[in-house]
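Student: make a model of this:
(one chain, ligands or ions: 1)
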Amino acid sequence: MSATILDGTKIAQEIRAEVAREVKTMAAAGVRPGLAVVLVGHNPASEIYVRGKVKACEEVSVYSEKLTPADSVTTDGLLAVINDLNRRDDIDGILVQLPLPRQVDSKKVLLAVDPAKDVDGFHPMNVGFLSTQRPGLVPCTPAGVIEILKRSNIPLAGREAVVVGRSDIVGKPAAMLLLNANATVTVCHSKTHDLPVVCRRADILVAAIGRAGMITRDYVKPGATVIDVGMNTLTAAAEFHRFFAGNAKREDAFRKKGSTLIGDVHPEVAEVAGALTPVPGGVGPLTIAMLMFNTVKAAKMRRGNRVAELSHT
Ligand code: NAP
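Tutor: Next up, the predicted model:
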């Protein structure tokens, strides 16, 4: 048996098209959703992520603004930037690209973002809204996980879901969303005993660990749906061959690029799982699509009176 591959790129495109349509309708009511991205310093990975986010805004006609405080910025300096964005009516979403430089108190900065504009969904108030099932802004990657499951018609109510990883940005919110969808949820972490046994209970297994190919076939119940959130870069040839020997397409790309992306799930899992998200092309594309979704949602929630006639997302 070979798992059905859940195409995250296609699902992300669907969501972006829906968001673009929504933005068009809002324009008729005189509202253009706006996203501010705060990028401190010159971290190359952060610069790539921010470029992708700004490009996605252009594609769906969301206004975007990039703010680039210097690497030497202080906590107070960054708080002033955030407070200014909080006050602006044309800005619906504020995203502070992490990591921030050492001298900055990241928690203080994230706490300063107006929860109504917190499109990353990291503010404790949005965390509380999620856990009490109130309308709010949900972290993009876990929201993307749920979109993949729902749009692939994978039943959740009453099913066993196991989430490996308990980070504030992926594992915990993913578990909460699955619970809100009436799955029976177990959250695992580095201290969990007999992890393969616990994972084998899962009808839906979500891996958000950050360990290349750790989830092997022993962790997977035959026929289970496996969602691979992990994004790990392999550069060592020996490691590459351990996972991808015989995969001509990957070998060719690895030779040319010198690296390849792998999730937390071992490629052999495709032989036992019922459905599986690939890496790349699975959860990854959903993250930016859900950021666009959240920006529009924030605009509708905050400027509701001006777009009252619009449907509720
Ligand atoms: P994180 O903050 O480092 O959390 C990792 C979690 O995995 C922790 O809860 C940790 O347990 C657990 N863990 C680590 N080793 C384990 C082991 N041997 N057995 C069981 N659990 C273990 O990572 P994260 O930010 O959640 O990200 C997880 C992965 O998702 C990374 O590969 C990251 O790159 C990727 N990611 C992808 C996207 C996307 O857009 N696709 C977005 C965000 C993150 P403890 O709590 O006990 O330490």
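Student: going by C-alpha atoms from here, please, whenever you check contacts or count neighbours.
Tutor: Will do.
Student: just checking, what packs against the one helix or strand Asp84 maps to?
Tutor: Asp84 is located in helix 75-87, with elements delineated by DSSP states H and E. In terms of contacts (3 or more Cα pairs under 8 Å, 6 or more residues apart in numbering; DSSP states H and E), helix 75-87 is packed against helix 106-112.
Student: so for the next helix or strand after the helix it packs on, what gets flagged as buried?
Tutor: For helix 106-112, the succeeding helix or strand toward the C-terminus, using DSSP H and E, is helix 124-131. Within helix 124-131, the residues that count as buried by 16 or more other Cα atoms under 10 Å are 125-127, 129-130.
Student: what does stretch 98-111 give?
Tutor: For stretch 98-111, the buried set under the neighbour-count rule, 16+ other Cα under 10 Å, comprises 100-101, 104, 106, 109-110.
Student: contacts only, for the residue minimising distance to the centre of the chain.
Tutor: Most central in the chain under Cα atoms, centre = their mean is Thr141, positioned 1.5 Å from the mean C-alpha point. Shown in contact with Thr141 (Cα atoms under 8 Å, 6 or more residues apart in numbering): 169-170, 283-284, 286-287, 290.
Student: just the buried residues of stretch 98-111 that are near the ligand?
Tutor: Near the ligand, judged by Cα under 6 Å from any ligand atom, there are no entries from those.
Student: now these in JSON lines, with pLDDT and distance to Val40?
Tutor: Formatted as JSON lines, the buried residues of stretch 98-111 follow (pLDDT from 0 to 100; distance: Cα to Cα, whole Å):
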{"residue": "Leu100", "pLDDT": "96", "distance to Val40": "7"}
{"residue": "Pro101", "pLDDT": "96", "distance to Val40": "8"}
{"residue": "Val104", "pLDDT": "97", "distance to Val40": "10"}
{"residue": "Ser106", "pLDDT": "95", "distance to Val40": "12"}
{"residue": "Val109", "pLDDT": "97", "distance to Val40": "12"}
{"residue": "Leu110", "pLDDT": "95", "distance to Val40": "14"}
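Student: what's the farthest-apart pair in the residues you listed?
Tutor: Farthest apart among the buried residues of stretch 98-111 by Cα to Cα are Pro101 and Leu110. That separation is 13.6 Å.
Student: what's the offset of the helix holding Asp84 from the middle of its chain?
Tutor: In terms of Cα atoms, centre = their mean, to the nearest Å, the centre of helix 75-87 is set 25 Å apart from its chain centre.
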